[in-house]
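Asks: Everything below, folded, please.
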Amino acid sequence: MFNRLREDISVVFDRDPAARTTWEVLTCYPGLHALVWHRLVVHPLWRANFRWIARWLAHWSRFLTGIEIHPGATIGRRVFIDHGMGVVVGETAEIGDDSTLYHGVTLGGTSWNKGKRHPTLGKGVVVGAGAKILGNIEIGYCSRIAAGSVVLKAVPPKKTVAGVPAKVVGEAGCSEPSRNMDQVIGADI
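Replies: I've put the predicted structure just below:
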């Protein structure tokens with residue numbers, strides 16, 4: 001549990017140059033709070049079939065952080081939600097490792113049918129502010145979704161998409177984190 005928290009804190013330092021201290025990250029980053037609450041409490045309760053309590057606790061997380069993550073959503077490691085107000089992650093959404101979501105992002109459904117109806121983001125996907133990714137579609141690894149885009153169709157790996165509806169506008173690549181976790185976690189609490 002603590003290794004995972006250290007990893008999540010390190011991600012904040014990797015992707016937010018405004019982050020100054022571990023204490024600041026632990027106390028002032030609602031994206032971190034929402035993800036930790038989802039991983040440690042809400043999602044395990046959902047998987048254990050305690051559905052009502054999981055939904056109720058997710059509701060309180062949304063109230064406190066402004067980030068709505070359905071208890072059934074699957075979220076990988078080293079995911080970062082920056083300026084997360086208004087982020088919505090649907091029940092069957094899947095977010096791959098090393099992905100980043102900015103404020104106002106929606107991973108939503110387009111169907112009232114039961115079953116898989118939300119997007120799947122591959123590893124290393126970056127979703128810009130206000131982007132909407134809707135339906136049971138796959139966003140390929142290392143893709144970039146431009147701010148304000150509405151994505152209704154699958155995106156191939158390593159592509160940048162923009163517009164309404166979103167279209168491929170260029171190539172994208174993955175970048176390695178710039179900081180080592182041991183550099184970040186120290187006596188700065």
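
Asks: Can you list the buried residues in stretch 38-54?
Replies: Buried positions in stretch 38-54, judged by neighbour count with 16 or more other Cβ atoms under 10 Å: 38-39, 41-43, 45-46, 54. Every residue, glycine included, has its C-beta placed from N, CA and C.

Asks: next one: stretch 66-82
Replies: Of the residues in stretch 66-82, those buried (16+ other Cβ under 10 Å) are 66-75, 78-82.

Asks: Now do that stretch, average pLDDT.
Replies: For stretch 66-82, the per-residue pLDDT values average out at 97.

Asks: hang on, the earlier thing: quick one: which two of the buried residues of stretch 38-54 are the most distant?
Replies: Greatest spatial distance in the buried residues of stretch 38-54: 39 and 54, 12.4 Å, computed using Cβ to Cβ.

Asks: helices and strands of the protein: which one has the lowest mean pLDDT?
Replies: For the chain, counting by mean pLDDT, DSSP states H and E, helix 181-184 ranks last in confidence among helices and strands (a mean of 39).

Asks: Run through this structure and note the low-pLDDT ranges.
Replies: Where the chain drops to pLDDT under 70, the residues are 175-189.

Asks: in it, which spans are helices?
Replies: All helices of the chain, identified by DSSP state H, fall at 2-15, 22-28, 30-37, 43-47, 51-65, 181-184.

Asks: got the ones you listed as CSV, with distance to residue 138 columns?
Replies: Shown next, in CSV, are those (distance: least, Cβ to Cβ, whole Å):
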stretch, distance to residue 138
helix 2-15, 23
helix 22-28, 31
helix 30-37, 22
helix 43-47, 21
helix 51-65, 25
helix 181-184, 30
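
Asks: Which of these sits closest to residue 122?
Replies: Ranking the helices of the chain by distance to residue 122, with Cβ to Cβ as the measure, places helix 2-15 first at 17.1 Å.

Asks: and the gap between residue 86 and residue 153?
Replies: Relative to residue 153, residue 86 is positioned 23 Å away (Cβ to Cβ, to the nearest Å).

Asks: again, but for residue 43
Replies: Following Cβ to Cβ, the distance that separates residue 43 from residue 153 is 28 Å.

Asks: What of residue 50?
Replies: Distance, residue 50 to residue 153, by Cβ to Cβ: 36 Å.

Asks: Repeat that for residue 105.
Replies: For residue 105, the distance to residue 153 under the criterion Cβ to Cβ works out to 17 Å.

Asks: And those two? Which one has more around it.
Replies: A count of neighbours by other Cβ atoms under 10 Å puts residue 105 above the other of residue 105 and residue 153, at 25 against 13.

Asks: ok, the more buried one touching residue 93?
Replies: No: with contact taken as Cβ atoms under 8 Å, residue 105 and residue 93 are classed as non-touching, separated by 10.6 Å.

Asks: where does stretch 79-93 sit relative to the chain's centre, distance-wise?
Replies: A distance of 5 Å separates the centroid of the chain from that of stretch 79-93, by Cα atoms, centre = their mean, to the nearest Å.

Asks: Repeat that for stretch 110-117.
Replies: So, by Cα atoms, centre = their mean, the centroid of stretch 110-117 is 20 Å from its chain's centroid.
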